[in-house]
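Colleague: Here is a sequence with its predicted model. Questions after.
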Amino acid sequence: MPEPITDRDREQVHRLHAEGKSRNAIARAMGRSASTVSKIAAQQGLTFSGGARVAAATEARRADAAARRELLADESLDGALRQVERVGVADSARDARDHATAARALTEVHARVSELARQTGTGSVGGSMLDRLADALIGPAGGDREGV
């Protein structure tokens with residue numbers, strides 16, 4: 001059975017909250033559970049602003065992921081273009097086919113990453129021209145699986 005909440009607990013929560021401590025930091029300092037600290041804080045009309053920090057961190061992570069997706073899409077398309085150039089100078093039909101297959105795979109990666117960016121609203125305006133080029137080369141979001 002948990003220990004009853006004392007006046008000392010209430011004073012500690014009030015003091016540590018005034019110092020700007022988080023709910024979890026207060027719980028650690030007091031040796032009490034976070035839920036106990038929340039209960040005491042609610043009784044005193046105190047709130048914790050950690051949600052704003054979490055929201056900012058989440059938004060920063062989303063922006064970072066969007067930038068990484070855009071970089072992946074660009075690098076995939078650049079790689080596909082390099083493979084297409086190698087098709088024309090390949091030493092054998094097999095090499096030409098392998099380069100064409102690699103170009104297609106990289107173009108599919110570009111198309112899928114770009115589609116994800118469009119769905120999440122994180123794509124750049126500049127990417128839309130590249131997206132149309134990829135769609136023309138392989139069809140929308142990856143095209144079919146037959147042939148090269």
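Modeller: Perfect, I can see it now.

Colleague: Quick one: residues contacting the closest residue in space to A34 that isn't next to it in sequence.
Modeller: Leaving aside its chain neighbours, A34 sits nearest to A27 (4.4 Å; criterion: Cβ to Cβ, 6 or more residues apart in numbering). For glycine as for every other residue, the C-beta is placed from the backbone atoms N, C-alpha and C. Neighbouring residues of A27 by Cβ atoms under 8 Å, 6 or more residues apart in numbering: S33, A34, T36, V37.

Colleague: Using CSV, list the CA coordinates for the helix or strand hosting A27.
Modeller: Taking DSSP states H and E as the criterion, A27 maps to helix 23-30. Only the C-alpha atoms of helix 23-30 are listed here, as CSV (Å, rounded to 0.1, in the frame of the first residue of the first chain):
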residue,chain,number,x,y,z
ARG,A,23,7.2,16.1,-12.9
ASN,A,24,9.7,13.2,-13.2
ALA,A,25,12.6,15.2,-11.7
ILE,A,26,10.4,16.0,-8.7
ALA,A,27,9.4,12.4,-8.4
ARG,A,28,13.0,11.3,-8.4
ALA,A,29,14.0,14.0,-5.8
MET,A,30,11.2,13.0,-3.5
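
Colleague: So for it, mean pLDDT?
Modeller: For helix 23-30, mean pLDDT is 94.

Colleague: again, but for stretch 99-119
Modeller: Stretch 99-119 carries an average pLDDT of 90.

Colleague: Please apply the same query to stretch 37-46.
Modeller: Rounded mean pLDDT across stretch 37-46 is 92.

Colleague: Only alpha carbons, please: show it as PDB.
Modeller: Taking C-alpha atoms only, stretch 37-46 is exported to PDB below (Å, rounded to 0.1, in the frame of the first residue of the first chain):
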ATOM      1  CA  VAL A  37       3.500  14.000  -7.900                       C
ATOM      2  CA  SER A  38       0.800  14.600 -10.600                       C
ATOM      3  CA  LYS A  39      -1.900  14.000  -8.000                       C
ATOM      4  CA  ILE A  40      -0.300  16.500  -5.600                       C
ATOM      5  CA  ALA A  41       0.300  19.100  -8.400                       C
ATOM      6  CA  ALA A  42      -3.300  18.800  -9.500                       C
ATOM      7  CA  GLN A  43      -4.600  19.400  -6.000                       C
ATOM      8  CA  GLN A  44      -2.500  22.600  -5.900                       C
ATOM      9  CA  GLY A  45      -3.500  23.700  -9.400                       C
ATOM     10  CA  LEU A  46       0.000  23.200 -10.700                       C
END
